[in-house]
Structures are given as C-alpha cells and as structure tokens.
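>>> Sequence plus predicted model, see below.
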Amino acid sequence: MGWASMRDRMLRTTVAVLNDGCATYQDPAGSVPIGGVEVLVDYNLQMAGAEGLFITDQVGITWRKASLPSTGRGGIFTHCGKRYVIENVIADDGHMITAACMVTS
C-alpha cells in the first residue's frame, strides 16, 4: 500500500469519525445542489490578525476535496436547518478545504 492510499484512508477515517453530519452545497449561480457532503463545523472561528489570534463570528466549514472539489464566495452550505454563506476559503491543502462562512438563518 502506497503513501497516497494510506493518506486517503486516513482522511476518510478522520472525516467519518469527526464529522458533524452531511450538508448540501449550492453554488452562487444556483446550479443543482450537491448533497451528502460530510462536513466539520467549527463555531467561533479563530483568525490571526496584527495583534495575534482573535475569535470571529464566522463559522468554519471543512470538507474533503474529493467530495466537493471547488466552491466560491457566495456559495451556500445547508446543514441542520441553517444556511452558511461562504465568505472566503481560508485553507486548501489539496485534500481538505476550510471556508469561513456567515450563518444566514
């Protein structure tokens, strides 16, 4: 078993164990929603600023890139009856993506 397959198995296992459920994603253009995206939801997202770390009112949504390869500003995740609008993708290591989102409902 090679490194890539071990890494992919580790990421699948991590998301399966730590996920907060599945979400639906809709891009800003309103195309057909993509359902069943396993997400990790982090409230009170911490960001780095000029004076160090600070807590924001944004929510971090993290998912496997294999499940949803690209998103855009204004895209919407729906999870547990709430809508999260993507403001900015803050991390993308090629395998996992995290977006800073605002709750709209």
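Structure's in. What do you need? Numbers count the residues shown, from 1 in each chain.

>>> Just give me the neighbour total for residue 86.
The local packing of residue 86 (other CB atoms under 10 Å) involves 20 other residues. For the C-beta atoms, the positions are set from N, CA and C on the backbone; glycine is no exception.

>>> Got the confidence number for it?
Note for residue 86: predicted pLDDT of 96.

>>> who's in contact with it?
61, 71, 72, 73, 74, 75, 76, 77, 99, 100, 101 (CB atoms under 8 Å, 6 or more residues apart in numbering).

>>> Take the residues you listed and lay them out in JSON lines including secondary structure and pLDDT.
Compiled in JSON lines, these are given as follows (DSSP: H, G, I helix; E, B strand; the rest coil; pLDDT from 0 to 100):
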{"residue": "61", "secondary structure": "strand", "pLDDT": "96"}
{"residue": "71", "secondary structure": "coil", "pLDDT": "90"}
{"residue": "72", "secondary structure": "coil", "pLDDT": "86"}
{"residue": "73", "secondary structure": "coil", "pLDDT": "94"}
{"residue": "74", "secondary structure": "coil", "pLDDT": "96"}
{"residue": "75", "secondary structure": "coil", "pLDDT": "96"}
{"residue": "76", "secondary structure": "strand", "pLDDT": "96"}
{"residue": "77", "secondary structure": "strand", "pLDDT": "97"}
{"residue": "99", "secondary structure": "strand", "pLDDT": "95"}
{"residue": "100", "secondary structure": "strand", "pLDDT": "94"}
{"residue": "101", "secondary structure": "strand", "pLDDT": "95"}
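
>>> now, which of the residues you listed sits nearest residue 41?
residue 61 (6.0 Å; CB to CB).

>>> Test my guess that residue 16 contacts residue 38.
Yes. Counting by CB atoms under 8 Å, residue 16 sits close enough to residue 38 to count as a contact (7.3 Å).

>>> So for those two, which sits in the more crowded spot?
Comparing residue 16 with residue 38 by other CB under 10 Å, the one with more neighbours is residue 38, at 18 against 10.

>>> Go ahead and confirm the more buried one touches residue 61.
No. Using CB under 8 Å, residue 38 makes no contact with residue 61, being 10.9 Å away.
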